[in-house]
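**Student:** sequence first, then the predicted structure:
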Amino acid sequence: MKLNYQIFWMSICVSLLFASTVISAMPPIPKSKQTTLELYVLAAQANEMKNNNPKKVLFVDVRTRAEVAFVGMPSNADANIPYMIVGDWDEWDEEKHTFKLFPNSNFLTYFNDYILEHGFNKSSTIILMCHSGNRSAGAVNLLAQVGYTKVYSVIDGFDGWTQEAVSNDTAKGWKRSGLPWTKKLNEEKMYMEF
């Protein structure tokens, strides 16, 4: 009985040590990147989740078509379904010093159709990634409102956070973490609604 008791407490200690390591690996999450589901991963963790279960984990890049076309896309992403889109390139966002982005009115319909066609459902494990974690958080929140339950946001996105975060090795993003990506896009993975 004494041996079982020791093994029990040893396993508890190892579990707590592992949990604290995983928790400490995650940087503090800024309010703009927080989601109602509270499911977050760093780019490297998303890559590992997808590679360990390629048929059971759906990985969607929610950046605009222009971002994917000109910057590249994770090689193992299943699809590009933009959460936000650029309008007619005629409206300027003074605060962000770029062209305004608008909600993609087809996002939910396209997303729902895509998961059904590919054998996923609202309780499947889904990973969303954008540039730096803000839009993916918004997309997670929208999906949660309509019943999705296991949607993760890649909090450091494709390009990472600030230079300080990148140099501290906390939120480097997909590209700066040396994860597989490509500029050679696969038409079958692209969002083709116009």
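**Tutor:** Sure, I can see it. Numbering: from 1, shown residues only.

**Student:** can you count the residues close to Q145?
**Tutor:** 10 (other Cβ atoms under 10 Å). From N, CA and C alone the C-beta is placed, and that goes for glycine too.

**Student:** and it, how close does it get to D90?
**Tutor:** 30 Å (Cβ to Cβ, to the nearest Å).

**Student:** residue contacts, Y114?
**Tutor:** Residues in contact with Y114 (Cβ atoms under 8 Å, 6 or more residues apart in numbering) are V60, A79, I81.

**Student:** wasn't it part of a helix?
**Tutor:** Yes - the assignment for Y114 is a helix, going by DSSP: H, G, I helix; E, B strand; the rest coil.

**Student:** and the pLDDT at H131?
**Tutor:** Note on H131: pLDDT of 95.

**Student:** what's the closest non-adjacent residue to it?
**Tutor:** Nearest-residue entry for H131: G157, 4.9 Å, with adjacent residues in sequence omitted and distances by Cβ to Cβ, 6 or more residues apart in numbering.

**Student:** burial of the one you found, as a residue count?
**Tutor:** Neighbour number of G157 under other Cβ under 10 Å is 29.

**Student:** surely it meets G173?
**Tutor:** Yes - with contacts counted by Cβ atoms under 8 Å, G157 reaches G173, the gap being 5.4 Å.

**Student:** what's the overlap in contacts for these two?
**Tutor:** With Cβ under 8 Å, 6+ apart, G157 and G173 have common neighbours A43, S132.

**Student:** out of the contacts of Y114, who's nearest S153?
**Tutor:** Closest approach to S153 among those (Cβ to Cβ): V60, at 11.0 Å.

**Student:** quick check: which helices or strands does the helix or strand containing the closest one pack against?
**Tutor:** In the assignment (DSSP states H and E), V60 maps to strand 57-61. Judged by 3 or more Cβ pairs under 8 Å, 6 or more residues apart in numbering; DSSP states H and E, strand 57-61 is in contact with helix 43-52, strand 73-74, strand 79-80, helix 107-117, strand 125-129.
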